[in-house]
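A.B. asks: give me the fold of what follows.
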Amino acid sequence: MAAAFLHFAILAYLVVVVPLSLLLAPSGGGVAGVLALGLKLSGVFLVGFLLIGIMATVMAGLVDGRARRRLRRRPSGAADIARDRVATATGPSCVALDPESRRLLASIAARGWIYDDDRYQACARDLDIVVRTAVAALSEAAGERHAAVATETAVALGLIDQALAELDQARASAAADQARAAALYVQQRYGASDFAIKPD
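C.D. replies: Just a heads-up that it's a prediction; the model follows:
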């Protein structure tokens, strides 16, 4: 950015200051007159160019800040992209895969996808890549190569399914821990006898 700014400044100087120095220099002043006027104009040009640069920086910061605030207010599209990827990978296109891969895709589709979670989004991205490349490769492969691609695809899908299972387990454990903590808090805050109905 700094190099581009400097390049533009030099170009602007050559286009603006040098022609003005030649045109406005007093007649009969010769080279010395041109250089003296060029020196004066250089100072004015430098101050003006710095002011323009500062204003441009401030405006860019304001525009960037507005853009960031709009992005924060707008719902993230990453979750929608992940959802579409999973739907496409586990949809009709998977019929081109072998039975084991289709079984794994059914398991993957049944997982508790949390599309707002970066980890699930990464799994959706990998799933999309594996299925798309596998479908394309299987359409061109034959014989041993076809079997090898099918095996490699099943292995990759198995790893994705395992990663999702671990995420589901971690989420379930976290939810159980939160429920346990809430229950302990309530037990400590409200004793068993605090609201007990006393007999008349």
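A.B. asks: now the helices for the protein?
C.D. replies: For the chain, the helices defined by DSSP state H occupy 2-24, 30-73, 78-89, 99-109, 118-140, 144-189.
A.B. asks: lowest-confidence stretch among the ones you listed?
C.D. replies: Ranked by mean pLDDT, these end with helix 2-24 in last place, scoring a mean of 57.
A.B. asks: which ones are touching Arg119?
C.D. replies: Leu167 (C-beta atoms under 8 Å, 6 or more residues apart in numbering). (Glycine included, C-beta is placed from N, CA and C.)
A.B. asks: how close does it get to Gly77?
C.D. replies: With the distance defined as C-beta to C-beta, to the nearest Å, Arg119 ends up 18 Å from Gly77.
A.B. asks: over to Thr90?
C.D. replies: When Thr90 is compared with Gly77 (using C-beta to C-beta), they lie 20 Å apart.
A.B. asks: higher neighbour count, those two?
C.D. replies: A direct count of neighbours by other C-beta atoms under 10 Å for Thr90 and Gly77 places Thr90 higher, at 19 against 9.
A.B. asks: close enough to count as contact, the more buried one and Ala109?
C.D. replies: Yes. The criterion here is C-beta atoms under 8 Å, and Thr90 meets it with Ala109 at 4.1 Å.
A.B. asks: now do the contacts for Pro104.
C.D. replies: Check again: residue 104 is Leu, not Pro. For Leu104, the contact set (C-beta under 8 Å, 6+ apart) comprises Ala154, Leu157, Gly158, Ile160, Asp161.
A.B. asks: recalculate using a threshold of 10 Å.
C.D. replies: Taking C-beta atoms under 10 Å, 6 or more residues apart in numbering, we find Leu104 in contact with 90, 94, 97-98, 153-162.
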